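J.: one predicted model, sequence on top.
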Amino acid sequence: MERLKQRILTCTACPLHSDRNHAIFGEGNTNAEIFLVGEAPGADEDRVGRPFIGKSGQLLDKILGACGFTRQQHVFISNIVRCRPPNNRVPTNREVETCIPYLHEQIDLVNPRIIITLGSTATRKLLNDESCKITAARGHWLQWNNRLLMPVYHPAALLRNPRLKKDTWEDFKKVIRTYRKLVDPSHCSEHFRE
Ligand code: SF4
C-alpha cells in the first residue's frame, strides 16, 4: 500500500497532474470491508490532500455516522481519478483509463467485501458501463469482481436535491443489513435497529 501511495502521489501519467496541488491517495482503514468510490477530488480535496472533505464529504460523514460507520474503522474512501479535473468537470475517458488501474490495485489490497459507488460517474467507470443510470442502478446489489457493489447517489446530488436523501437512507440500510450478515452481526447503528 505504501508503494502504491508513492506512485499515486508522484504520478504524472495524465494531463490532470499539471494543475493539481495534491494527488489524493484515499483514506480510511486499509483492511476495511467497505470501500467507497467517488468520482474525483474537488477544490477542497485538492487543497488539503484528503478525499471527501468539503460539503459533500461532511454529508457523507453524517450518513456513515447514521449507519454506525466511521472513516477510521469501517471504510476506505477513494476516487476514480486522483487529481482534480479543471472546474470539476467529469474526467475524460482517457484520464479514467490512465488512472483507474490504481483504484483496481487499491481495491485488491484492501480486499473489501462491499463496494459503494457514489454517483453516476463512479458507478459507470468502475462497472465500465456507460449506459448505467444511477436513478435505476441505485439501491440494487450488483456483483463486481466477486465483490458486492451498491451504487448510491453522490452526496453532492443530495445537497442539490434533498428529496433524494430518503432513497439514499434506504440504500444505506441495505448496506447495514449486508454488513451485519457478512461481517459483524452485532454491528450497531443508533438509527437502524432490526
Ligand atoms: S489523475 Fe491519476 S493518472 Fe492522472 S496524473 Fe493524477 S494520479 Fe496520475
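T.: On my side now, so go ahead. All values reported here derive from a predicted model rather than from experimental measurement.
J.: report the contact partners of the most centrally placed residue in the chain.
T.: Centrality entry for the chain: nearest residue to the mean C-alpha point is residue 37, 2.0 Å, by C-alpha atoms, centre = their mean. Each residue near residue 37 by C-beta atoms under 8 Å, 6 or more residues apart in numbering is listed here: 78, 79, 80, 103, 115, 116, 117, 118, 122, 126. C-beta here means a position set from N, CA and C on the backbone, and glycine is covered the same way.
J.: check residue 168 too.
T.: 63, 138, 152, 153, 158.
J.: those strands in this structure, which residues are they?
T.: Assigned by DSSP state E, the chain shows strands spanning 27-28, 34-38, 75-79, 114-118, 142-144, 147-152.
J.: quick one, which of these is nearest to residue 10?
T.: strand 75-79 (17.0 Å; C-beta to C-beta).
J.: report the mean confidence score over that closest one.
T.: With pLDDT averaged residue by residue, strand 75-79 scores 98.
J.: now for that strand, which elements pack on it?
T.: strand 27-28, strand 34-38, helix 93-110 (3 or more C-beta pairs under 8 Å, 6 or more residues apart in numbering; DSSP states H and E).
J.: could you tell me which of the contacts of residue 168 belong to helices?
T.: 63, 158 (DSSP state H).
J.: most surrounded residue in the contacts of residue 168?
T.: For those, the largest neighbour count, defined by other C-beta atoms under 10 Å, is 28 neighbours, found at residue 152.
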